[in-house]
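>>> the sequence isn't on hand, but the structure is:
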């Protein structure tokens, strides 16, 4: 899932297990079929709201305009058909970074489809996390069977940092100097230049979402959502308990959206009682969540 950063449109983009994507704006929605037999695994939106980027089982990155017309199809792995399971759009809305099942990482021009970096043999195992830094000069990656968090130069592809003995399943940049990374067993706050651990919390999460402006970080653990306290470096109490198992969450300044198990729900974060604002969907929303500033949860 992803929010359109354009506040006037208040749009949410969903990716589904039936190979479709949907853009919902207010009471209207538009749905398109991706040229794939399997699920849409990941959705991202550019900061300028002009482009929606999806990846799935068709081994391609599909770039759409904000009306869901296809603008570009990129096949990041030429040697074999490998599903695309991790994407992120650069802060300047010019580049999409991609991670695939075979451990490769690459970066591509959104407008021309030209390969700008890679493909890099970045990890052993499928890349499940990929994120541009707030300035866009670095890319952080992690894979599901490779106990290492790595940071790359987004222009040259040079490896800048390799943090070993940690296998995160989701990560976000808190700032250009700090990364919050989680496994199911623990949470670590890391210095993004040195890899030094600034804080460790014994509570793990399966997914993270960060709000536009990086003012809030939400974590999903099974059916619970908690918010990260940057002062104490701990997770707060469970604020939302779902009666279904969400696959993904995403944050907007005033809303938290969760989807999965045939359900979707929108929670109003401005309401002291965390009012359930809307719910629906009849297909599983399986796509990895991305936030309004183009940052993926993982």
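Thanks, I have the structure now. Model, not experiment: these values are computed from the prediction.

>>> what residues are up against residue 138?
Residues counted as contacts of residue 138 (CB atoms under 8 Å, 6 or more residues apart in numbering) are 132, 151-154, 160, 192. Quick note: C-beta positions are derived from backbone N, CA and C, even for glycine.

>>> typo on my end, residue 133
Residues near residue 133 by CB under 8 Å, 6+ apart: 139-140, 154, 173, 176, 192.

>>> do residue 83 as well
The neighbours of residue 83, taking CB under 8 Å, 6+ apart as the test, are 38, 41, 55-59, 100-101.

>>> okay, residue 215: pLDDT?
Predicted confidence (pLDDT) for residue 215: 78.

>>> and if you look at residue 131?
pLDDT at residue 131 comes out at 94.

>>> quick check: it vs residue 44, distance?
Using CB to CB, to the nearest Å, residue 131 is found at 10 Å from residue 44.

>>> rewinding a little: mind checking which of the contacts of residue 133 land in strands?
Among those, the ones falling in strands (DSSP state E) are 139-140, 173.

>>> surely residue 141 touches residue 157?
No. Counting by CB atoms under 8 Å, residue 141 stays clear of residue 157, with 11.5 Å between them.

>>> so for those two, which sits in the more crowded spot?
Using other CB atoms under 10 Å, the more surrounded residue of residue 141 and residue 157 is residue 141, with 26 against 17.

>>> what sits against that one?
Listed by CB under 8 Å, 6+ apart, the contact set of residue 141 reads 86, 99, 105, 122-123, 127, 129-131, 149-152.

>>> picking up where we left off before, now the contacts of residue 133: which count as buried?
Among the contacts of residue 133, those that count as buried by neighbour count (16 or more other CB atoms under 10 Å) are 139-140, 154, 173, 192.

>>> and which of the contacts of residue 138 is nearest residue 181?
Among those, residue 192 lies closest to residue 181 (CB to CB), at 10.4 Å.

>>> which pLDDT value goes with the closest one?
Note on residue 192: pLDDT of 95.
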